[in-house]
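1. build me a model from this:
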Amino acid sequence: MTAGEIRYFRTLIAMRRLGRPLPPGILNAPENEPLLDLATRTSFRYVANDPPHELVVETIVMRPHAAVATMNFLVTPEGNGSRLSTETRVYANTDSARRRFAVYWRIIHPGSDIIRRMWLRAIKERAERSS
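-> Below is the predicted model of the structure:
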């Protein structure tokens, strides 16, 4: 999926970066570049890439390695189709990092949740168009 295919993505990400200009990356995604290609070329790395079952990427969210976030997309067969789910997990290796991340997450969680739901909706719409 590209930033242009995910409703509100570019708006919410611009709010997160406080409108600051940044080089191309997940926080400044070109409209027509696949987000996972961009993410894994910049700040994320694949942990698992097992199409069509699961994809897992991770990134450091607090340096130096104080907190690491992983995000997955999991496809599970269901009836005549499939269910796509996504989850984010964060590992903080100190109490201080855990507290700092908790504050950060409280601030960005609402926008992150909207982006994730819109991302899943865009994937569903693309899958329905191609079937």
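
2. could you pull out the helices for the chain?
-> 9-16, 35-41, 95-130 (DSSP state H).

3. who's in contact with the first one?
-> Contact with helix 9-16 is made by 3-4, 26-29, 31, 108, 111, 114-115, 118-119, as judged by CB atoms under 8 Å, 6 or more residues apart in numbering. Yep, even glycine has a C-beta here, placed from its N, CA and C like the rest.

4. one step back: make JSON lines out of the helices of the chain and add distance to G81 and mean pLDDT.
-> Output for the helices of the chain, formatted as JSON lines (distance: least, CB to CB, whole Å; pLDDT from 0 to 100):
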{"stretch": "helix 9-16", "distance to G81": "25", "mean pLDDT": "91"}
{"stretch": "helix 35-41", "distance to G81": "22", "mean pLDDT": "94"}
{"stretch": "helix 95-130", "distance to G81": "9", "mean pLDDT": "93"}
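
5. relative to V68, which of those is closest?
-> Nearest to V68 among these is helix 95-130 (9.8 Å), distances taken as CB to CB.

6. packing partners of that closest one?
-> Applying 3 or more CB pairs under 8 Å, 6 or more residues apart in numbering; DSSP states H and E, one finds that helix 95-130 makes contact with helix 9-16, strand 54-62, strand 67-78, strand 81-92.

7. okay, now R106: neighbour count?
-> By the criterion of other CB atoms under 10 Å, R106 has 9 neighbours.

8. any idea how far it lies from D37?
-> The gap separating R106 from D37 is 30 Å, by CB to CB, to the nearest Å.
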